[in-house]
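[1] structure, please.
(chains A and B, ligands or ions: 3)
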Amino acid sequence: MRYAETGYNLEIDLATGNIERVETDPKVMETHLGGLGTSVKLHWDRVGPEVKPFDDENMLIFSSGVLNATPAFSANRTVVTFVSPESDLLAYPMMGGFWSAELKYAGYDKVILRNKSPKWVYVWINNDKVELRDASHLVGKGALETQDLIRRELNQPNAQVAAIGIAGENRCFTASIEQGRSSASRLGGGAVLGDKKVKAVAVRGTKDINLARGEEFMKHMMDMMKYINFRNENPIPDVMTILSGIGSPQEMVHTDEQWHTENFMWGNARTRRRGFWSKEISEEWPKVQKEGIKRLISCMNCPQHCGALISYKDTPRYMAKCFGKLTYAMAAYVDNMEFAWKTLQRATEYGLDSFSTPQIIAFGIELYEAGILTDKDFEGAPNDKEGRFIWLLDRVARREGIGDVLADGVYRAARKIGNGAEQFDHNTIKKHEQLPLKLGTLDPLYYLMYSTNEKISITQIEGNWPQSAFATMEQRENFVKDWPQLPDESWKQWLLEWDQRGEKAIPFYPTPEICSEIVDWMEMLHNIDDACCVCAGMSSFCLKPPYHIHNYPKIISSATGLDLDEGSLKKIVNRSRNLHRAFNNRRGMARVDEKPPADHWKRRWPELEENLLSTYYKFKGWDQNGIPTKERLHELDLDYVAEDLEKRGILKDGQD
Amino acid sequence: MAKIKKKVKTIKVDADKCNGCRGCELVCSAYHSSPKYSTINPARSRIQIIRHPLKDIWLPVFAGEYAPAECMGRDVYTIDGKEYDECTFCRAACPSRDIFKEPDSGLPLKCDMCESDPPLEKPKCVEWCLNDVLTYEEREEEVEEGVEMEEVEVGLKSMINKYGMQNILDTVNRISQKQ
Ligand code: SF4
Ligand code: SF4
Ligand code: SF4
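    Ligands and ions are numbered 1, 2, ... in the order given. You can find the predicted model right below:
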């Protein structure tokens, strides 16, 4: 019997319409666990470095993780993997919601999509019955609209549907895959799905998932429930509100946005507006926010309230979460929350990533104001800020005129437009738009996270370590007092010594060695979450979370029956993490690509930065070009990877 | 008929607080699996969240009595501008639909308030719901003595309805001879 996983994948060849239910090797769970881990393995085995994002051979996998569909709190992510049209690397955006659990109840761990369908289809998975259904009538429909239309035509109100909007149909590089209140947004999964002519994947399942040691597993969950209650009642003091609780950022609950609006950049990651949160705004915005929120909602089996049903005036209803609430208004320089609610609705139906897309539009408008784009490019655009922004959003989603160029993302659009446009591309890493943050002094921890993580999106790398030093010793002592999540007691000292000013402050403290430990630990936690498909909001992304390295092995072991301790769990996710890196190395990614934007910090220390990177690479067991060494790969039972990298001349003997 | 004292167990549902997490469905199915907590399957849960997210409907409904035949009279609700299909909010395990039935055997499910020996402090779904949607209450009431259908009986009746009395009798006979 298989525990926690179903033991089956669904393999769909879209070109021929052939659908197979394939039993997976139980050994793969022992070596790669599940979720992102086992998906990376499939991509490595099947997708060579020559495969381009819109080639037939670019597989797209929808995957659940080992804890989805069990009572593990907040284990509800679906991880979507594919070679990204934007970064040309293996992307893995995730969505919360209800989809992955439903897939497991239908009897599958993954849906693997190969090749392209000759005509528009959607996939309908109803337990053992799986079919490709005509979707020609859904072309042009909104991402959210499509989900309801499919549920209605199947007469299956409980089916979970992940769908693309017209941005995905048109292969916009920032097209998302939307599902209820959630979305797999970053890096253009919607574009790859659209390229395959798959409008949606709908699933309904009514089968059992087995737990290896159910009673024991539930005891762990009851302990966790107590801790969740405790954390919800006791927010962490001395940190920003948004960091004080658990769950993904509670953007729908919190209305005080002074921090985001005054510290994040407006426009094309350009202007910091200190003093924006005036008396007037601080009354108006929360009022409009509350007017828009009809109900706070969660993902599967999670007590938090990160999402909301939005019903604002005559804007059609939709669901929202996270920072999307602010990104459009801030990118458009519009001091009006109403604009935010309305634009987010439009963008959600289009199926666009609400982090990258606003920046692309702001970039376009900046180019126009700088005279690099001209009246001809903006022919027909309204003159007011709001109107012009929406006009351009429409053009991007439809790939019309200048929108067609911008839909390839800031990096590529800048190079296509030329004429100095490259200078305005100042907020991308590995061709991918970053959070609009520009800060003062180089932060060594963030330097490493930004530079080296395969996610290329800081909000899904950072997490367990406080974002900055506490001002007073009292605050530090208070913080470390109850911190069982730390891998080792001795680490507390680092936080106690960490100062806001002087020798023991950034950029020189934490030291490169300590930074390596901390960043590696945070990344490892994300990798465990991603294999289990647990929400990072309840784990790797928040301070003092319910899930951590000490309880994870017990939880996973009682669910799956695997014999696990901290060391062996760490080894499994390190294996997947290095395989992922090797996949990207094989596509050409190396040290030269690993750098934050030049203006991310005002004060930089080039020598220190090089040292940080070199120290971290060494710590990770990578050579000085950022490639996992033969020894490291051997330790992780990845000799076949070393061999491949050597054959391709990416790993060279004796070079580290 | 004689009057007897009966414990009435109520779960109050404050549907406005429900965030739609379906944790109650998970834990109910886990608790009722055998051995306990060995399998999870919300389709086997005796509580179901009726969800129409865009219409702001997140309604926990508990499995009620088994209905051998479809109701003659039906209700159609309109809420927030949407008209719901007949029977959408009904508690019965009924031949007209799949809800509140074991997905494989089709046997009806009924919320048993997590009866167990020794009794739980509160039913599992109530304990699991961290949003205070579900609250458990007990009170004593005088009721007329009646025949309470036990679970076996409910199950058997539904099988009889499905396969006919003779078939069931023959099968029971055959099985008992084999043992
Ligand atoms: S913490 Fe928020 S985003 Fe994460 S699972 Fe819960 S509701 Fe979803
Ligand atoms: S009271 Fe018990 S049997 Fe009834 S729905 Fe809740 S968990 Fe299930
Ligand atoms: S556990 Fe509570 S909040 Fe979650 S769906 Fe059930 S009733 Fe609603």
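[2] next, the contact list for the residue most central in space within chain B, please.
    Central residue of chain B (C-alpha atoms, centre = their mean): B:Ala63, 2.1 Å from the mean position. Residues in contact with B:Ala63 (C-beta atoms under 8 Å, 6 or more residues apart in numbering or on different chains) are B:46-48, B:91, B:93, B:100, B:108-111. Every residue, glycine included, has its C-beta placed from N, CA and C.
[3] just the residues you listed: which are in helices?
    Among these, no member falls in helices (DSSP state H).
[4] and the two most separated of these?
    Largest separation among the contacts of B:Ala63 by C-beta to C-beta: B:Ile47 and B:Pro108, giving 14.6 Å.
[5] show me what from chain B comes close to ligand 3.
    For chain B, the contact set with ligand 3 under C-beta under 6 Å from any ligand atom comprises B:18-24, B:49, B:60, B:128-129, B:131, B:133-134.
[6] now, of those residues, which are buried?
    Burial of the residues of chain B next to ligand 3 was assessed by neighbour count (16 or more other C-beta atoms under 10 Å in any protein chain shown); the buried members are B:18-24, B:49, B:60, B:128-129, B:131, B:133-134.
[7] and the residue of the stretch 251-400 of chain A found nearest ligand 2, how far from A:Tyr509?
    Residue of the stretch 251-400 of chain A nearest ligand 2, by C-beta to the nearest ligand atom: A:Asn301 (14.1 Å). For A:Asn301, the distance to A:Tyr509 equals 40 Å [C-beta to C-beta, to the nearest Å].
[8] more neighbours, the two?
    A:Asn301 (28 against 17; other C-beta atoms under 10 Å in any protein chain shown).
[9] skipping its backbone neighbours, what lies nearest the more buried one in space?
    Distances taken as C-beta to C-beta, 6 or more residues apart in numbering or on different chains place B:Gly23 nearest to A:Asn301, at 4.4 Å, with adjacent residues excluded.
[10] now do the contacts for that neighbour.
    Applying C-beta under 8 Å, 6+ apart to B:Gly23 gives the contacts A:71, A:73, A:300-303, B:128-130.
[11] got JSON lines for those residues, with pLDDT and distance to A:Phe173 too?
    Formatted as JSON lines, the contacts of B:Gly23 follow (pLDDT from 0 to 100; distance: C-beta to C-beta, whole Å):
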{"residue": "A:Pro71", "pLDDT": "98", "distance to A:Phe173": "38"}
{"residue": "A:Phe73", "pLDDT": "98", "distance to A:Phe173": "34"}
{"residue": "A:Met300", "pLDDT": "97", "distance to A:Phe173": "29"}
{"residue": "A:Asn301", "pLDDT": "97", "distance to A:Phe173": "33"}
{"residue": "A:Cys302", "pLDDT": "96", "distance to A:Phe173": "31"}
{"residue": "A:Pro303", "pLDDT": "93", "distance to A:Phe173": "36"}
{"residue": "B:Trp128", "pLDDT": "96", "distance to A:Phe173": "42"}
{"residue": "B:Cys129", "pLDDT": "95", "distance to A:Phe173": "41"}
{"residue": "B:Leu130", "pLDDT": "87", "distance to A:Phe173": "39"}
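[12] just the residues you listed now: which is nearest A:Asn170?
    Scanning the contacts of B:Gly23 for proximity to A:Asn170, where the rule is C-beta to C-beta, the winner is A:Met300, at 30.7 Å.
[13] so the nearest residue to that closest one once chain neighbours are set aside: helix, strand or coil?
    Nearest non-adjacent residue to A:Met300, counting by C-beta to C-beta, 6+ apart: A:Asn76, 3.8 Å away. Following DSSP: H, G, I helix; E, B strand; the rest coil, A:Asn76 is assigned to coil.
[14] repeat for A:Lys207
    The local conformation at A:Lys207, judged by three-state DSSP, is coil.
[15] so what's it closest to, chain neighbours aside?
    With C-beta to C-beta, 6+ apart as the criterion, A:Lys207 has its nearest non-adjacent residue at 5.1 Å, and that residue is A:Gly107.
[16] so which helix or strand takes in that neighbour?
    Using DSSP states H and E, A:Gly107 is not contained in any helix or strand.
[17] quick check: it touching A:Gly205?
    Yes - counting by C-beta atoms under 8 Å, A:Gly107 does reach A:Gly205; the two are 6.4 Å apart.
[18] surely A:Asn229 is in a helix?
    Yes - if the criterion is three-state DSSP, then A:Asn229 is within a helix.
[19] list the contacts for the residue lying closest to A:Ser557 once chain neighbours are set aside?
    Nearest residue to A:Ser557, sequence neighbours excluded (C-beta to C-beta, 6+ apart): A:Leu564, at 4.5 Å. With contact set as C-beta under 8 Å, 6+ apart, A:Leu564 has these partners: A:553, A:556-557.
[20] can you check A:Trp285 too?
    With contact set as C-beta under 8 Å, 6+ apart, A:Trp285 has these partners: A:255, A:257, A:337.
[21] so which residues on chain B come close to chain A?
    Neighbours of chain A within chain B, by C-beta under 8 Å from any C-beta of the partner chain: B:19-23, B:26-27, B:30, B:33, B:35-44, B:51-54, B:56, B:58, B:103, B:128, B:130-131.
[22] give me the buried subset of these.
    Looks like the residues of chain B next to chain A have B:19-23, B:26-27, B:30, B:33, B:37-44, B:51-54, B:56, B:58, B:103, B:128, B:130-131 buried, using 16+ other C-beta under 10 Å.
[23] flag the shaky bits of chain B, pLDDT-wise.
    Counting by pLDDT under 70, chain B has low-confidence residues at B:1, B:145-151, B:178-179.
[24] all helices for the stretch 401-550 of chain A, in order.
    A:402-406, A:410-417, A:444-452, A:473-481, A:492-497, A:512-532 (DSSP state H, counting those that start in this stretch).
[25] brilliant, that's me finished.
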